[in-house]
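Chemist: the following block contains a protein sequence and its predicted model.
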Amino acid sequence: MTDLEHTKRILNDLISFPTISSDSNLAMIDYLSARLTEAGARVEVFGDPSGTKANLFATIGPDVDGGIVLSGHTDVVPVADQDWTSDPFEMVERDQLLFGRGTCDMKGFIAAAVAMAPTFAEAAGSRPIHFAFTHDEEVGCIGAQALVEELRKRDIRPGVTIIGEPTSMRIIEGHKGCCEYTTHFTGLEGHGANPDLGVNAVEYATRYVSRLLELREALKARTPPGSRFVPPWTSINVGSVIGGVAHNVIAGKAEVEWDMRPVQKSDAAFVHDDLNAYCNDVLLPAMRAVHPGSSITTEALGDVAGLEPVDDNEAFEIVSALTGSNQADVVPFGTEAGIFQAMGMSVVVCGPGSIEQAHKPDEFIALDQLEQCLEMLRRLAHRLD
């Protein structure tokens, strides 16, 4: 059986696990654990507090620092209300394309990495290969953050991580962070005929939104020189403003859903510091002057660091040698890469398939993309000594 045929069989199995982020990934983790154990890997599975999700971390080679991590997330986005021409959880091959939810984002890379595990075991040298398969990337990179904490506890210190998100096998050295928030406002309801006797949460939410829009403009002046992102500055988007019950009722509750895509960590701190001061010094005193129980709280639904381009990047040097490409790009979409980078690893994103196919009905990955990925991994096996 060729490496590509082996990969297709594994991918077929992986697609059959409906690992939507709202559901369990344990069956898929058990499958991957069995496959890697059979190949000679030392496998650890870390469950989450709910008992319905887990991360997997496996190693082939010696127990030493400086290993190379092949990383992918096991969860996929929902298929509800999407018009698929085939069962999204049954892989279908047509015209040199493999269709199914997760084929490119990102079970294709996971399948290729697991298919190559026996080759890594045969080639094992002085540098270990690690496999990191996580849960809940699509809803805030929750699994990767927990996995990195486990690695710190165990004093496991890999040197390089390759995140196999779909980049059409281009090397990506940078992407923005992804920070998603819901800010909740609690005021005091009352009759709309006398608005001064209540605290209108919608009005204060509106003032908060105005501050966000002012900050959005201020961030443009903080654009790092030579920024390659589009747009080149940190962006803020207001997704929704929700609140109130009727025309003639003072709104007692409201919420603002918003997100920020930082190009640098200092921008996130700038925004948070400004909003904290604005709430504590301006909005809350005015609210509490009428009703002491008024409050403003912000819930972080996702607060994921970006991948910052660096001059000295061993991951880029390795993947450049493996793929023959000496160029590295930046992308607007987020990944788990910044989490591994924050642990001190050298990181790039490089994987098969196009991000243009991700999250859409009839998601697919091209066979030639899988073959390019397999060739990269074959060459990696030869570098382990």
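Modeler: Done, it's in.

Chemist: and the average pLDDT for stretch 33-49 is what?
Modeler: Computed over stretch 33-49, the mean pLDDT rounds to 97.

Chemist: show me what counts as buried in that stretch.
Modeler: Applying a neighbour-count criterion of 16 or more other C-beta atoms under 10 Å, one finds 33, 35-36, 39, 41, 43, 46, 48 buried in stretch 33-49. Every C-beta, even on glycine, is put in place using the N, C-alpha and C of the backbone.

Chemist: same deal with stretch 227-236?
Modeler: Burial within stretch 227-236, assessed by neighbour count using 16+ other C-beta under 10 Å, is assigned to 227, 229, 233-236.

Chemist: list the residues that contact E189.
Modeler: Residues in contact with E189 (C-beta atoms under 8 Å, 6 or more residues apart in numbering) are 198, 249-252.

Chemist: can you flag the buried ones in the residues you listed?
Modeler: The neighbour-count test (16+ other C-beta under 10 Å) marks 198, 250-252 as buried among the contacts of E189.

Chemist: in TSV: the residues you listed, plus secondary structure, pLDDT and distance to R216.
Modeler: Converted to TSV, those look like this (DSSP: H, G, I helix; E, B strand; the rest coil; pLDDT from 0 to 100; distance: C-beta to C-beta, whole Å):
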residue	secondary structure	pLDDT	distance to R216
G198	coil	96	30
I250	strand	97	29
A251	coil	97	25
G252	coil	97	28
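
Chemist: looking at the residues you listed, spot the one nearest V263.
Modeler: Using C-beta to C-beta, A251 is the member of the buried ones among the contacts of E189 that sits closest to V263, with 35.1 Å.

Chemist: low-scoring stretches of this protein, by residue?
Modeler: Using pLDDT under 70 as the threshold, the predicted model of the chain has low-confidence ranges 385.

Chemist: would you map out the domains in this protein?
Modeler: For the chain, whose domains are defined here by automatic domain parsing, the residue ranges read 3-175+306-381, 178-304.

Chemist: assign a three-state SS to the residue nearest the centre of the chain, would you?
Modeler: Residue closest to the mean C-alpha point of the chain, counted by C-alpha atoms, centre = their mean, is T335 at 3.6 Å. On the three-state scheme (DSSP: H, G, I helix; E, B strand; the rest coil), T335 is labelled coil.

Chemist: how about the strands of the stretch 51-200 of the chain, start to end?
Modeler: Secondary structure of the stretch 51-200 of the chain (DSSP state E, counting those that start in this stretch): strands at 54-60, 68-73, 92-94, 97-99, 129-134, 160-163, 172-175, 178-186, 190-191.

Chemist: and of these, who's closest to T206?
Modeler: strand 178-186 (9.7 Å).

Chemist: dump the C-alpha coordinates for the closest one into CSV.
Modeler: Listed in CSV are the C-alpha atoms of strand 178-186, where the atom choice follows Å, rounded to 0.1, in the frame of the first residue of the first chain:
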residue,chain,number,x,y,z
CYS,A,178,-8.3,36.3,17.5
CYS,A,179,-10.0,37.8,20.5
GLU,A,180,-13.8,37.4,20.8
TYR,A,181,-15.7,39.1,23.6
THR,A,182,-19.2,39.7,24.9
THR,A,183,-19.6,42.7,27.2
HIS,A,184,-22.6,42.6,29.5
PHE,A,185,-24.4,45.7,30.8
THR,A,186,-26.8,45.5,33.8
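
Chemist: other SSEs contacting that strand?
Modeler: Counting by 3 or more C-beta pairs under 8 Å, 6 or more residues apart in numbering; DSSP states H and E, the packing neighbours recorded for strand 178-186 are helix 201-220, strand 253-261, strand 295-304.

Chemist: could you dump these to CSV with mean neighbour count?
Modeler: Formatted as CSV, these follow (neighbours: other C-beta atoms under 10 Å):
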stretch, mean neighbour count
helix 201-220, 17
strand 253-261, 20
strand 295-304, 16
